[in-house]
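build me a model:
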Amino acid sequence: MKRKLPFVPILIFALVFLLINGYALSALAPLISVTLLPWLWIFPIALIAGFSFSLARLSVDGQTNLFKISAHALLVYFVSLLVFVLTEVLTDAYRLLIGVINYFSESNFVYPERPLIGVYLGISLVLVIVIAFVYGIFRGKYAYRVIKHTLYFDDLPDAFDGFKLAQISDVHAGSLTNPKAVQKGIDLINRQRADLFVFTGDLVNNKAEEVKPYINHFSQIKAPFGQFSVLGNHDYGDYVKWESDAAKRENLQQLKNYHAEIGFKLLLDEHVRLEKNGHKITLAGIENWGLGFGERGDLEKALRGTTKDEFKILLSHDPSHWEAQVKNHASKIHLTLAGHTHGMQFGIEAFGLKWSPVQFRYKHWAGVKKENNRFLNVNRGFGFIGFSGRVGIWPEITLIELRKTKANN
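Numbers count the residues shown, from 1 in each chain. Below you'll find the predicted structure:
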């Protein structure tokens with residue numbers, strides 16, 4: 001079954017895209033020959049046509065190679081185009097300002113010619129963007145890194161002082177294509193020698209069968225206090241068309257079976273207690289709860305049988321759940337572990353900067369946040385989906401050490 005082509009949105013995008021392209025070509029005019037100019041129109045038109053054609057032939061069950069290639073090419077070109085145009089908009093704003101100053105000082109409005117330094121700067125930035133995308137597509141999506149956090153708690157049970165937990169999220173096994181690279185990520189997880197391992201949802205893109213080739217990889221993950229997991233929004237099969245409701249339910253059950261085969265204990269609105277030297281902490285997990293992505297999870301059910309102040313860690317796929325229900329809950333949840341955002345697989349985290357377009361959707365989208373004396377950690381994801389790459393936001397293995405706050409700290 002083919003998808004219905006969204007004609008109007010594509011037409012609007014194409015018009016805006018070509019308008020921006022025309023503005024960029026006007027800036028490049030002094031540097032390009034007349035014979036080359038038509039080709040600089042043909043290329044973006046061909047990109048849009050190829051993407052539209054591949055989208056029209058796209059089935060509801062998956063992406064074709066043609067769609068992936070055309071979508072990625074269009075994305076790289078469009079982002080590069082926006083970066084170049086931004087430099088030229090700033091240049092034209094400067095030219096306009098000079099013209100206005102001349103008008104008020106000499107009563108003569110003179111719009112200066114565009115300085116070529118702005119064009120050269122734009123071209124240089126485009127080259128950087130293209131190189132970054134090429135790296136992100138071929139290498140960056142498997143460039144696993146460990147991010148370590150040490151979190152302090154006044155009421156952490158003494159036996160758990162120094163307890164370490166490793167977290168990954170958003171494997172999206174259906175997108176993975178390089179088992180050797182994935183194995184390097186698995187080895188990196190095990191080298192952390194964490195006491196506890198947790199996975200915070202989205203093992204697959206749509207169907208349980210996607211994880212079958214990687215069961216032997218993820219089953220290698222071991223921790224002394226166990227391996228625990230929850231489901232994410234993609235795990236329920238909501239984004240593909242099923243022949244029947246029964247087939248969809250069977251798929252979900254099969255995915256749960258695969259969690260067990262891997263060695264992950266699924267927490268479905270429930271909790272377990274971890275014991276060390278006579279002291280205990282509670283680990284709870286809920287089904288996916290996310291604004292706009294299905295509010296299935298039942299926090300009250302997951303906490304049933306726990307006390308208000310016992311030390312609790314919660315696995316909840318979507319960080320919007322923490323904002324909506326967890327951070328001010330009457331029962332103190334000391335640490336919540338989430339994923340879901342992927343950091344949009346695109347952004348900047350360097351030189352003190354932390355930016356991604358996903359911040360316009362999520363208040364907190366990566367790393368640790370503390371509010372109301374409770375912590376949230378959002379993992380940037382182990383895998384990828386949609387865009388088959390990562391630029392600036394690399395795949396993450398989180399290692400969190402729990403520490404007891406000392407009286408003299």
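
is it correct that residue 110 is in contact with residue 99?
Yes. At 5.9 Å, residue 110 counts as touching residue 99 under the criterion of C-beta atoms under 8 Å. Heads up, the C-betas are built off the backbone N, CA and C, glycines and all.

pLDDT below threshold where in this protein?
Residue ranges of the chain with pLDDT under 70: 1-6, 58-63, 107, 109, 407-409.

okay, now the domains of it?
Split into domains by automatic domain parsing, the chain comes to 7-138, 144-404.

quick one: distance of the shortest one to the chain centre.
Read it as domain 7-138. Taking C-alpha atoms, centre = their mean, to the nearest Å, the mean C-alpha location of domain 7-138 is offset from the chain mean by 25 Å.

the strands in the stretch 301-409 of the chain, which residues?
Remark: strands assigned in the stretch 301-409 of the chain by DSSP state E, counting those that start in this stretch are 312-315, 335-338, 348-350, 353-355, 367-371, 374-378, 396-404.

now do the contacts for the residue nearest to the spatial centre of the chain.
Nearest to the mean C-alpha position of the chain, by C-alpha atoms, centre = their mean, lies residue 342 at 1.2 Å. Contacts for residue 342 (C-beta atoms under 8 Å, 6 or more residues apart in numbering) come out as 170, 358, 380, 381, 384, 385, 393.

show me which of those is closest to residue 192.
Nearest to residue 192 among those: residue 380, at 16.2 Å, using C-beta to C-beta.

and the nearest residue to the closest one once chain neighbours are set aside, how many residues sit next to it?
Using C-beta to C-beta, 6 or more residues apart in numbering and skipping residues adjacent in sequence, the residue nearest residue 380 is residue 396, 4.0 Å away. Residues within reach of residue 396, counting by other C-beta atoms under 10 Å, total 24.

swap in residue 378?
28.

quick one: the strands in the protein, in order.
145-153, 163-168, 196-199, 227-229, 265-266, 270-276, 279-285, 312-315, 335-338, 348-350, 353-355, 367-371, 374-378, 396-404 (DSSP state E).

hmm, back to that, pick the most buried one from the domains of the chain.
Highest mean neighbour count among the domains of the chain (mean count of other C-beta atoms under 10 Å): domain 144-404, with a mean of 19.

just list whatever residues bridge to residue 404.
Beta-bridge pairing of residue 404 under DSSP bridges involves residue 153.

now it: how far from residue 49?
62 Å (C-beta to C-beta, to the nearest Å).

check contacts around residue 132.
391, 392.

same thing with the one 3 residues further on?
In this structure, residue 135 makes contact with residue 391, judged by C-beta under 8 Å, 6+ apart.

what of the one 5 residues further on?
Taking C-beta under 8 Å, 6+ apart as the contact definition, residue 140 lies against 389, 390, 391, 394.

among those, which ones are in helices?
Among these, no member falls in helices (DSSP state H).

still on that earlier bit, now the strands of the chain in a markdown table, with distance to residue 221?
Shown next, in a markdown table, are the strands of the chain (distance: least, C-beta to C-beta, whole Å):
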| stretch | distance to residue 221 |
| --- | --- |
| strand 145-153 | 14 |
| strand 163-168 | 8 |
| strand 196-199 | 6 |
| strand 227-229 | 6 |
| strand 265-266 | 12 |
| strand 270-276 | 17 |
| strand 279-285 | 16 |
| strand 312-315 | 15 |
| strand 335-338 | 16 |
| strand 348-350 | 26 |
| strand 353-355 | 29 |
| strand 367-371 | 22 |
| strand 374-378 | 18 |
| strand 396-404 | 10 |
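
need the helices for the protein, in chain order.
Under DSSP H, the chain gives helices at 7-28, 37-56, 65-106, 116-138, 179-191, 215-218, 245-262, 299-303, 320-321.

make JSON lines from those helices and add distance to residue 153 to it.
Converted to JSON lines, the helices of the chain look like this (distance: least, C-beta to C-beta, whole Å):
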{"stretch": "helix 7-28", "distance to residue 153": "48"}
{"stretch": "helix 37-56", "distance to residue 153": "50"}
{"stretch": "helix 65-106", "distance to residue 153": "42"}
{"stretch": "helix 116-138", "distance to residue 153": "37"}
{"stretch": "helix 179-191", "distance to residue 153": "24"}
{"stretch": "helix 215-218", "distance to residue 153": "30"}
{"stretch": "helix 245-262", "distance to residue 153": "29"}
{"stretch": "helix 299-303", "distance to residue 153": "18"}
{"stretch": "helix 320-321", "distance to residue 153": "21"}
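
out of those, which is closest to residue 148?
The nearest among those, by C-beta to C-beta, is helix 179-191 at 12.5 Å.

which helices and strands sit right next to the closest one?
helix 215-218, strand 396-404 (3 or more C-beta pairs under 8 Å, 6 or more residues apart in numbering; DSSP states H and E).
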